[in-house]
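Q: 3D, please:
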Amino acid sequence: MRTSDELKGCTLLGEHAVAYPTDYCPDMLETFPNKHTDNEYIVTFNCPEFTTLCPKTGQPDFAEIVISYIPRERMVESKSLKLYLFSFRNHGDFHEDCVNIIMKDLVKLMDPRYLEVRGIFTPRGGISIYPFANYGDAEHQDLVKARRLAMFPNR
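A: A predicted model of the protein is given here:
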């Protein structure tokens, strides 16, 4: 069972009257302590209903965002992550920018051992875009390279 001290940083979890941000808001992100720092393991989040806006036309773009990471001391709290991803709804940026912004915000927040963000955007104008960004500390540079190479299509 988590102690109240361990849950201090989780102010959104369990709150029913949480205001959804209408603009990009990395301040929504919250963390809690990783109880298993002696063990390397992977946490994956899937957001199948991510939306953002084209920075030129203002038209909506839709994507599935997949975030996987190997935690160090801190872990992202899922409700805060949901609200953070929702905050992109009125944010105008290219697909590649959104994926890199998400990656950098989460690295800054948690200082993970490894983290990757993949965007699977629905086609617009007959073209699908699948940006991928990853980060690894000094001990995980082989994983960074291997995962980046794995993202290149085989066709």
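Q: please identify the buried residues of the top helix by length along the chain?
A: Longest helix in the chain, counting residues (DSSP state H): helix 95-110. By neighbour count on 16 or more other Cβ atoms under 10 Å, the buried set for helix 95-110 is 95, 98-103, 105-107, 109-110. Bear in mind the C-beta positions are built from the backbone N, C-alpha and C, glycine included.
Q: is residue 118 in a bridge, and if so with what?
A: The partner list for residue 118 in beta bridges (DSSP bridges) reads residue 66, residue 132.
Q: for it, what are its contacts?
A: Going by Cβ atoms under 8 Å, 6 or more residues apart in numbering, residue 118 touches 65-67, 99, 130-132, 151.
Q: what about burial for those residues, which qualify?
A: The neighbour count (16+ other Cβ under 10 Å) marks 65-67, 99, 131-132 as buried among the contacts of residue 118.
Q: run the chain-centre distance for the longest helix of the chain.
A: Helix 95-110 has its C-alpha centroid displaced from the chain centroid by 6 Å (Cα atoms, centre = their mean, to the nearest Å).
Q: residues in contact with it?
A: Taking Cβ under 8 Å, 6+ apart as the rule, helix 95-110 contacts 24, 26, 29, 31, 52, 61, 63, 65, 67, 69, 71-72, 74-76, 84-85, 88, 91, 93, 112, 115-119, 121, 129, 131-135.
Q: what about this protein, any weak spots by pLDDT?
A: 8-16, 155 (pLDDT under 70).
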